[in-house]
Each structure stands twice: as structure tokens, then as C-alpha cells.
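Chemist: model this:
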Amino acid sequence: MDRPPVLQKFSVSFRILTFVMIIISTLILVLIFGVVLAVPIFGEDTMKNIALMDTSADPNIIAMAKYFQVVSQFGIFLVPTIFFAYLDGRYIGSYLKINISPDIKSMISAVFAIMAVVPLINFIGGINEQMSFPSFMQDIETWMRDSEDSAAKMTTRFLNVSTIDGLLINVMMMAIIQLLAKNFFSAVFCKSFFISGQRTHILLLSLRHSSLAPFTCSFMALSHVSY
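Modeler: So this is what the prediction gives:
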């Protein structure tokens, strides 16, 4: 007889707290492992070059920035959600719905949903550009705009590739890994924190807000969640 999931009998608030603690712990461990692994890959100057990732145009440092972005995706999204899925549902594949092939209806619905939300994303982006804080919050506004400008410049450096290998790395880093990471993250929140005992379709919107963090991405997933 299979043992029940570890978190099955606990409240939603306790699950959320557990999930947050898993994310923090995993991120720290994955980043430490990533730094240790980066030294033999990028050389002895790795620690010094980390501080230059936001501004440098050196190809080696840009490659290192891409590497750490992938590491952060694993530390924040992939590893914590897979571990939490095991604690909360035991069977990771069924919990995250990765053992179910999407039907054509869901795929078509997702395409139309993405097309429909584009005007909203552009509208929010326009509001974001016109945002102005009160004078006493000027330092916060300056920091947010500097972060946004830094993120835009870093994205430009990431996309500036001229080889097939570079293109494939960008597709893997900025599309496939982030898609899996955000979908897994959304699945955990849907199943554990907001839905109970029902079968439903959930439309999740994750709108890009690059002023908050350089490595956020926008996208949405149409998840067919079954309980």
C-alpha cells in the first residue's frame, strides 16, 4: 500500500510556507553548486566577473551570465517544484501533468488566449513606462528604471549571436527551460493552493514586469488540472 503524501494533511498556509522555504533553501544550494561548477568552466576569475555580468560585453562574461540565468531557473522554479510535487502528491508526473499529452482543443485555446492577451501586455507595458513616483520615492523609481535599463541591455547582449550554436543556446535558455519552469510553478500553485476537489480549466497569466527583476519572463499556460 502506497504511503500518503507527506503534506497531504497539512493546511494551505503550511504548504505555502513549506514551498517558500524549499525555494529559498534550494536556490541557495543550487547557486553554491553553480558557482563551484562555474570555476573550472569559466576560469579562476569567475568570482570577479560575476560583478561584471550586468554591464560587460565580453563574450566569456555574457556566456557566464547565461549560465547563471539557467542555474537560477533551476534553483527558483524547477528543482523546488519537483521536490514539492513529491512531498505534496508523491507521483511527480501526474501531479505536474507532464504524463498527459495536451489535446488539440487545449492547444488551440492556448494559442487564441495568447493572442488575446497581447494587447493587455502592451497596455500594462505602456503604463509601466509612464509610471512616476512621488518625490519622496524618487530613489526607488530611479532604482527600478536603472534595473529595467540594465535588464534590457542584458537581453540585447544575450540575443546578439551570430552562430547556430548561440541561437540554440538562447532557445533552450530563454524559451524551453523558462516555459517548463513557469508551467511547473503554476501547476504547483493551482493544485496545492487554489483548487480543491474539482476538475477545471485554469487560465494563468504571468505578465512580464522587467522593472522588478532582470530575469522575469512573461507567459501564460492553459493548464488542464484534474483532481
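
Chemist: pull the helix or strand with minimum mean pLDDT from the chain.
Modeler: Scoring the helices and strands of the chain by mean pLDDT, DSSP states H and E places strand 219-225 at the bottom, with a mean of 37.

Chemist: buried residues of the helix or strand where Val111 lies, list them for me.
Modeler: Per DSSP states H and E: Val111 is located in helix 104-130. Burial within helix 104-130, assessed by neighbour count using 16 or more other Cβ atoms under 10 Å, is assigned to Ser109, Ala110, Val117, Ile121, Asn128. (Glycine included, C-beta is placed from N, CA and C.)

Chemist: again, but for stretch 155-169
Modeler: Arg157, Phe158, Gly166, Ile169.

Chemist: spatially, which two of these are the most separated?
Modeler: Farthest apart among these by Cβ to Cβ are Arg157 and Ile169. That separation is 13.1 Å.

Chemist: look up the closest residue to Thr18, ignoring the ones flanking it.
Modeler: Nearest non-adjacent residue to Thr18, counting by Cβ to Cβ, 6 or more residues apart in numbering: Leu7, 6.5 Å away.

Chemist: so the most centrally placed residue in the chain: helix, strand or coil?
Modeler: For the chain, the residue nearest the mean C-alpha position is Lys182 (4.8 Å; Cα atoms, centre = their mean). Of the three states, Lys182 takes helix under DSSP: H, G, I helix; E, B strand; the rest coil.

Chemist: got a pLDDT number for it?
Modeler: Confidence at Lys182, expressed as pLDDT, is 79.

Chemist: how far away is it from Ala175?
Modeler: Remark: distance between Lys182 and Ala175 (Cβ to Cβ, to the nearest Å) = 11 Å.

Chemist: likewise Val6?
Modeler: In this structure, Val6 lies at 33 Å from Ala175, with Cβ to Cβ as the measure.

Chemist: just Gly93 next, same as before
Modeler: Note on Gly93: its distance to Ala175, by Cβ to Cβ, is 22 Å.

Chemist: one step back: any chance of a markdown table for the buried residues of stretch 155-169, columns secondary structure and distance to Pro134?
Modeler: Output for those, formatted as a markdown table (DSSP: H, G, I helix; E, B strand; the rest coil; distance: Cβ to Cβ, whole Å):
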| residue | secondary structure | distance to Pro134 |
| --- | --- | --- |
| Arg157 | helix | 34 |
| Phe158 | helix | 34 |
| Gly166 | helix | 44 |
| Ile169 | helix | 43 |
